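In: Sequence plus predicted model, see below.
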Amino acid sequence: MSTIKNLKTMLVCLDLTDIDPNLIDYAAFLSQSLGMDKVIFIHAIQAYDLPDKSSKKFPDLKTDLRQRIEDEINSVVSNHFKKNIETEVITKIEDEDAANMIIDFTRKESVDLALIGQKYGEDRTGHYGHKIAAEALTDLMFIPEEPDLSLDTILCAVDFSKVSEKAFRRCLNISKAVNTKLICYYLYDTQKSYFPATTFKTKGMLEKRIYNRFRKFLAKFGLNPDDVELRIGVSEEFKSQAEKLYEEAEAQDVDLLVVGARGKTSVVTSLLGNVTEGLRKMEKQMPIMIMKNVKTKE
C-alpha cells in the first residue's frame, strides 16, 4: 500500500497581487486545521523589472526592494497566523522564469505541499502554473481567488492505482484531522470498455465489478463500503473527464477535490492521467489538490 508523508511544511507562492491576502488567509486556515509545523511564503522578483544592472545604485536598490517586499508580506502574514506555526518569507531575484525558482526550491528543500493561487478569468494554459505542476517535486493545491475557509466535505478521485491509494490516504488523514465527510468518485467510459455498445446488463455488471474493486481497495485501509461513499460516473462524448469530475464535486458541494497526477494510463477506463492538467486549466470555485507521483516525496 502507498505510504505518504504527513503534511508538516507548506510552501505558498505569492505574486504581490490582490489574490495574495486570500491565499495567505487560506494557508493559515489549512495549516491550523491540519496541525502543520511551518509555512514558507516565497516570491520571485523578476530581474527584468529592475533598473539596468550597470547602475551603481543597483545593489542597494535590490537589497532595499527585497526588504520592503519581505516586510510587506510579513505584515500580512502576522495578521493571519498564530504563534504556534512557524512562518518564513523568502524573496529572490530571478533572472529567468519565476517558475524555475519554485521548482528548484521543492527539489532542494523539504516541502510537503505547495499552494498556488489562480485568479478568475486567468488563462489556465499559462506557462507558470503548467511548469510548476509538471516539474515541482511536491504535492500541489490550486487555490481560487475567493476560497471558502471550510473542509466539511472532500471528494477523492479513485481508479484503484498506486497514486490513487496515495490520494485516498491523504484524504483519510485530512478527514481524521478535521472530522470531514469523504466521498470517492470513479469515472468509466462504457463505449471504450465494451464493444458493441454497452447494454444495461453489461453496465450493471461493470458497476458491480467496480464496487467489488472498491471493497478490496478500502480493505487496504481497514475500511469497508459503509465507511466511505462511492459515486460512479459515466464519461460523456462531448465533455472531458476533468469537466465530469468537477461537475460531480460541485454537485456534492465539496470544499476540496483531491486527485492523483497519474493513474493507469494504459487502462482506457482510468479516471486519472491527463485529467489533472484539465483541472488546472479550468476556472474553479474550490481548491484542488494534486497528488504528485514522485517516489522521493513519499
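Out: Cool, got the structure.

In: For the rest of this, base every contact and every neighbour count on C-alpha atoms.
Out: OK.

In: Please name every helix or strand in contact with the helix of greatest length in the chain.
Out: In the chain, assigned by DSSP state H, the helix with the most residues is helix 58-80. Contact here means 3 or more CA pairs under 8 Å, 6 or more residues apart in numbering; DSSP states H and E; on that basis helix 58-80 packs against helix 20-34, strand 86-94.

In: Please identify the helix or strand for residue 114.
Out: Element membership of residue 114 [criterion: DSSP states H and E] is strand 113-117.

In: Give me the angle between that strand and helix 20-34.
Out: Calculated by axes from the mean of the first three to the mean of the last three CA atoms, to 10 degrees, strand 113-117 forms an angle of 150 degrees with helix 20-34.

In: for strand 113-117, the distance to its chain's centre please.
Out: Centre-to-centre, strand 113-117 and its host chain are 7 Å apart (CA atoms, centre = their mean, to the nearest Å).

In: Please identify the buried residues of the longest helix of the chain?
Out: Residues 62, 66, 69, 70, 73, 74, 77 are the ones in helix 58-80 that count as buried (16 or more other CA atoms under 10 Å).

In: cool, stretch 171-179 as well?
Out: 171, 172, 174, 175.

In: Tell me the one of the residues you listed nearest residue 84?
Out: Ranked by distance to residue 84 (CA to CA), the buried residues of stretch 171-179 are led by residue 174 at 19.2 Å.

In: Helix, strand or coil: sort out that closest one for me.
Out: Three-state call for residue 174 (DSSP: H, G, I helix; E, B strand; the rest coil): helix.

In: Now do the same for it: its pLDDT.
Out: Predicted confidence (pLDDT) for residue 174: 94.

In: Next, the buried residues of stretch 231-238.
Out: Across stretch 231-238, burial judged by 16+ other CA under 10 Å covers 233, 235.

In: so how far is that stretch off the chain centroid?
Out: The answer for stretch 231-238 is 23 Å, by CA atoms, centre = their mean.

In: Stretch 205-225 too?
Out: 25 Å.

In: Just the C-alpha atoms of that stretch, please, in CSV.
Out: The C-alpha coordinates for stretch 205-225 follow below in CSV (Å, rounded to 0.1, in the frame of the first residue of the first chain):
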residue,chain,number,x,y,z
MET,A,205,-22.1,-6.0,-14.4
LEU,A,206,-19.4,-3.4,-14.8
GLU,A,207,-20.6,-1.3,-11.9
LYS,A,208,-20.8,-4.4,-9.7
ARG,A,209,-17.2,-5.2,-10.6
ILE,A,210,-16.2,-1.6,-9.7
TYR,A,211,-17.9,-1.9,-6.3
ASN,A,212,-16.0,-5.2,-5.7
ARG,A,213,-12.7,-3.5,-6.5
PHE,A,214,-13.7,-0.6,-4.2
ARG,A,215,-14.3,-3.0,-1.4
LYS,A,216,-10.8,-4.5,-1.9
PHE,A,217,-9.4,-1.0,-2.2
LEU,A,218,-10.9,0.0,1.1
ALA,A,219,-9.8,-3.2,2.8
LYS,A,220,-6.2,-2.0,2.4
PHE,A,221,-7.0,0.9,4.8
GLY,A,222,-9.0,-1.2,7.2
LEU,A,223,-12.3,0.2,5.9
ASN,A,224,-15.5,-1.2,4.3
PRO,A,225,-18.1,0.4,1.9
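
In: Now it: buried residues?
Out: For stretch 205-225, by 16+ other CA under 10 Å, it's 206, 210, 211, 214, 215, 216, 217, 218.

In: Please narrow these to those residing in strands.
Out: Nothing among these maps onto strands, per DSSP state E.

In: Among those residues, which one sits closest to residue 291?
Out: Lowest distance from residue 291 to these (CA to CA) belongs to residue 217, with 17.9 Å.

In: quick one: that closest one from residue 241, how far?
Out: 22 Å (CA to CA, to the nearest Å).

In: go on, residue 159?
Out: Residue 159 is 13 Å from residue 241, by CA to CA.
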